[in-house]
Each structure stands twice: as C-alpha cells, then as structure tokens.
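> quick one: sequence plus predicted model below, questions after.
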Amino acid sequence: MKQVEPIQWTAMVRGAALVALLGAAGISSAEGMRSYRSLAISGNGERIAALETVEGEAKQGPRIVVRDTATGKLVSTFEQSDCAQCRIEAPVWSPDGSAMALVSTDGKAGIATVNVLRNGKLTPVATIKGVANTVRWSPDGRQLAFLATVGARKLTGAVEAGARQIGEIGVAEQEDEQRIAVVSSSGGAFRLVSPSDTFVYEYDWTPDGRGFVVSSAKGNGDNNWWIATLGHVELATGKLRVLAAPKMQMNMPHVSPDGRTVAFIGGLMSDFGSVGGDVYTVPIEGGEPVDVTPDFAGTFNGIAWRGQQLMASVLAGADAEVVAIDPAARSSRVLWRGPVTASASRDGRFVFSLDGKVAASVHEDFEHAPRIVAGRLPELNPITRDNEAFAPVVSAQSVSWTNDGYKVQGWLVGPRHVDAGKKYPMIVQVHGGPAAASTPRYISAGDGGNSLVRDLVKEGYFVFMPNPRGSYGQGSSFTNANRKDFGGGDWRDILAGVDAAIKQAPVDGQRLGLMGHSYGGYMTMWGVTHSQRFKAAVAGAGIANWISYYGQNGIDQWMVPFFGATMYDDPAVYRAASPIESIKAAKTPTLVYVGERDVECPPAQSLEFWHGLKAMGVPTTLVIYEGEGHALRKPEHQKDLRSREIGWFNKYLQ
C-alpha cells in the first residue's frame, strides 16, 4: 500500500510545487464524509459487511452495507427503517455465510433486540429489557449467544454516565450483572447461562459448542475488570471453572480450532476496551499462561485463531501491523505495516477470512479520510473511494526522540501553509489512559473527524500529541515503565518531546498550551503545578488528589496495578503523584471541565483542583456538564466545550 511521506513544514515555505501537488485544503464533493465501522468478513473472504453512515445525511436508520472484497462493489444495503433512532452493533456472519446476526438497541425504550438478517429480511430472535451486545453464532449455526444485562441501571462501561448514588450503597441489588444468554437462531425464549453473581466481560464459544471461555469477575462490572479471571462456562449447567487468574489485565479470549488452547492479550491496561499487551496462551484445562510474543517491539491489540497460528493486529511505533504468530514456536512475522490508524471489529483492528489469507480493515491518517482496504496478504488495497474527494486540511508528521534511554514517539500536526519567518503557538495534547496511544485520525474540514484539532489548527496552532512511557506502541516494558511513577518519567518524556517538536516546525516556544482528558487531564494538572513553561491549559476529567480520589471513584481496582498497592497500604506513593500537593506552584490559567456523573474521574476532583487554583489567585473556570459521564455524549455539550477550549487558548496564547 503506497503511503504519502510526511510533509516537512520548512519545505512547504520554500516549495510552492509541493503544495500544488498535494492540492488545496477543502472538499470538492457535495456529499459528506462516509464512515465505516464494525467490519465483518465472511468465512470465505468474499464479502465484507460494515456499518456505514454519511456525515450530514438525514437520519434514516442504521445501514448495513455488504461489499465484494475484491472490488468493493456494492452487493446489498439494509436499513432498519422502523427504528431510525436505534443503535446497532457490529453484524456477525453465520458459519455458512448465509446470514448475519446483530443487536439493535432502542435507547429511549431501553430495549435491546437480537436479530438475524437473511435475504434482506430482518427477523428478531430475542428481545430484552436492558442492554445487550457481542452476539456470536454457535459453531453449528443453530444458536446465538450474546451478553445481556437484564434491567440495566446504566449503559455498560465505566465511561458511561453512572447510576444515581442514593439509598443504601454497595448492595448486590444495585449491581448490574452482564451474563451470557443463549437463544435459538430461529428465535424463541432466551436463557441466561452464566452465574447470576458474575459479570462477564468477554467470551468465545468452544469449538464443540458445549461451552464458553470467559473473562469475568464477581460484583461491580465497572470496577472489577482489573481483577477478572479467565474461565470456562459449561453451556448445560452454567458452571464456571477458573482456568487462570494472572495478575494482569486480559482481553479477547479465543479458543483454538482444536479446542485445546485459549489465547488472549494480556498486560498492564488502564481501561477495558483499550486493548494492549503481549499474546498469551493457556491450556483449556487450566494452568499458567505463557507469553508467546516475549520482547516484541510493539503492542498487540487484536487476535484471531486461524488453524494452529494466530493472526494479530499490532501498534508498533507510528505503524499499524498485521502479524502472524506461531504459539508453539513463540515466534512471529510481520505480514504488513503502514503509518495509519486501523480499525475493524471488537476482536481487533483487522478481520480475516477463515484461512487467514484475506484481510480487511478501515484505514485513515491525519491527511487521508477513512477507506476500507482489503486483499490477500501481504497486499492490502483500498476498495472504497467514497472519500477520495476530501483533500488534506492539515499537515502531519511522526516525531521521534529519546529520553532516559527510552525511544519515544508522537505526532505533530499543523497548518498546510505557514508564513516564512513566522512562529506559531503550539498545544500539547496528552492522551487518556495512560495505557493508550495517540494515532493518526483524519482531520476533516466538516463537523466530523477530529474537530478539536481541526479548529485549533484553523486558529493558527500546531498540535503535538506525544506517546510518553506508559503508552502503547513500544512493547510491554515501555507500557509498564510508569508504574509507581505518574508525573515522573512520563512528564519528562513529554517535555523532551516538546523540545523535539519545536525543532521540527516553526513553533514559538514561549506560547505553549497544555491539555488532555482523563489521564491527559491529570497530566495537565500535574504540568501546571510542576512547570511554568505553559501559558494556558485545559484539564478535562482530571485527578488532583490521588488520596481522596481513591475513595471517590467507581473503579478503584485499576489503581493497584499502577501504584503497586492500595492507597490504604501505601499512601505515600499516591500522595507523591498528586498535583494538589504542589498547588502553590501553579501560575498557568486553567480551564477545568468534567461530567456530572463521571464514574472514572468524579467531579469532586475537578472541583478540588479548581478550588486550589482560585485560592492561589490563578485564572480558572470550572464547567460541570449535566448528566454526562466520563465521555461527553451530548452534541450540545461537545460543541460548548470545543468553543470554550478554543476561546481559552486564544485568550492567553494569541
């Protein structure tokens, strides 16, 4: 796959020919940008299904588009016109390729429906009052399994708005339990299979169709994923047997075709769904997991058994990769790589045919809008061209530097045209996590596609997105390198990265801004209490005081792997990392915001930091968004926040 080389801003000042070659910013098509998500590939690799939407298009209902893998030609389109406000989850092909299963959710009614789409007709097979997701066909195609939370009090996941905390707190009756449900693929009553006191996070059928491998934990589902175990649930009895209980976080358990081995991605992870680590295997009978990708210089974020090998997706520095793993030999080989953000399905960033020879994914980068790529490995080529008319509106390049012996990488984005001799302000945007990474997302001229970065660049800023130690992309040792050291080496990496970015672009080092959300919000609070280098800051859903935070948040289990102990056992390590301890050093004007019902980073943390800034006489504003969780979902709140962020930086940096 041909890649466009990153643009050097110094060259852009000198060479008008380069600008003309790449085209002027703007969109030459009247149609909005098309997005593709939740890819599913048929077993023979001949068909790809995706959920497709067009920016600005009137809502007509969920649309499933099936394309020919080789050519991208349209095979069929389906819209659920009777439920225009429904949200649908990724379609899943039946084993024989004749049908697809999917979950649709009517949020207003609080009803989830499992459907089978066959010959253009959608047939409901199970309906629950609550939340459902992750539908999977049984190996013989006769049954469907899915994850169900009957009578759910909130949407699944810690980033969603929390349920109101009233009445007696912490009793079992207030806990949502996500369980495996099974129903005939032709419809009928479903039955809940897994134990009623256990929250199942992920699962996979065993090849004999008699049970499931699961990652699960007892009690509160938001909080206990960090201590989840790997287990087996028997279909007939619902009995749960623990296979392994490693002191690491696990994602994507899958059983080998011969039924003997379970593979999963394991490592230090800060959020369920933000997958990253090495690949491990364990016998289906149980035992100690074995790392089959030791010392791999990258982060695995998706796996699928294909015969006796595993096909995997990887983030390696600035690149996405497809890797084939031989678990028996503990060896791997890279089949494809490119400097893009890849996305596909719940099980990884690529989807594969049953023989592992055909792959597909959705690719984008800062300058190129999303497109579906597919082909017989190692060749992957675009098969959709709906977004080709969307020209780049920014320039971007990968920046690498070394610090304290670590190789670190980040992304630098800026205007496509710069004035010779002019210096521009720069915003440092720190990602959440910390176990995550900034990767290249297309920046659109319209309302979608990384709108905050687009607006900052439009206002004349460069934006630098570092991936300091603790991030994904450089291997497990790099991700583990900030344990018991928040605000230490990771902060030094960021400062060293700022220096590296300034050398790459016409940036005014005296006009720097700092921002981030979640871990990025914490690092912003830490930065303004440990540096006078930044002249304005925006701290979203941050953590000011790890001591008080431990007793306020709804996911305290995540902290132990990172801090090495509970706050009650080692308060000193928590206090040392708390920005509030250094609040008297703060001078930087800081906008603070948070969701009212944030489970992960409660509003009290933002309130405490805002109060401290005011006491120190530092210009500050606090905004608490009504009804929102850790992720702001309401468009009016997103728009308001973006306006405030731009206005704040313009006030202090322009």
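Looks like it came in fine.
> now do the helices in this protein.
Here the chain has its helices, by DSSP state H, at 9-14, 16-22, 221-224, 451-458, 476-479, 489-504, 519-528, 546-552, 559-563, 571-576, 603-615, 635-653.
> for those, which has the smallest mean pLDDT value?
Looking at those, the lowest mean pLDDT belongs to helix 16-22 (a mean of 24).
> hmm, Leu230 and Asp204 touching each other?
No - between Asp204 and Leu230 there is no contact under CB atoms under 8 Å: 11.0 Å. Using the backbone N, CA and C atoms, a C-beta is placed for each residue, glycine as well.
> and for those two, which residues touch both?
Val213, Pro253 (CB atoms under 8 Å, 6 or more residues apart in numbering).
> got the contact list for the spatially most central residue of the chain?
Using CA atoms, centre = their mean, the residue of the chain that lies closest to the mean C-alpha position is Ser274, 4.8 Å off. When contacts are counted by CB under 8 Å, 6+ apart, Ser274 touches Gly433, Ala435, Ala436.
> was I right about the second one contacting Tyr472?
Yes - with contact defined as CB under 8 Å, Ala435 reaches Tyr472; the gap is 6.4 Å.
> more neighbours: which of the two?
Counted by other CB atoms under 10 Å, Ala435 and Tyr472 do not tie: Tyr472 has more neighbours, with 30 against 27.
> who's in contact with that one?
Applying CB under 8 Å, 6+ apart to Tyr472 gives the contacts Gly276, Thr299, Asn301, Leu315, Ala435, Ala436, Ala437, Thr479.
> again, but for Ile583
By CB under 8 Å, 6+ apart, Ile583 lies in contact with Thr529, Phe609, Gly612, Leu613, Ala615, Met616.
> hey, which of the helices of the chain is tucked in deepest?
Among these, the stretch with the highest mean neighbour count (mean count of other CB atoms under 10 Å) is helix 519-528, at a mean of 28.
> and that one, what does it pack against?
strand 424-430, helix 489-504, strand 507-517, strand 536-540, strand 590-595 (3 or more CB pairs under 8 Å, 6 or more residues apart in numbering; DSSP states H and E).
> got the CA coordinates for it in CSV?
This file holds the C-alpha atoms of helix 519-528, laid out as CSV (Å, rounded to 0.1, in the frame of the first residue of the first chain):
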residue,chain,number,x,y,z
TYR,A,519,-5.0,10.7,32.4
GLY,A,520,-4.4,13.6,30.0
GLY,A,521,-6.4,15.8,32.4
TYR,A,522,-4.3,14.5,35.3
MET,A,523,-1.1,15.2,33.4
THR,A,524,-2.4,18.7,32.6
MET,A,525,-3.0,19.3,36.3
TRP,A,526,0.5,17.9,37.1
GLY,A,527,2.1,20.0,34.4
VAL,A,528,0.7,23.4,35.6
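> which residues are contacting stretch 494-502?
So stretch 494-502 is contacted by 399-401, 403, 408, 410, 412, 426, 428, 430, 462, 464, 466, 468, 507, 509, 512, 523, 527, 531, 533 (CB under 8 Å, 6+ apart).
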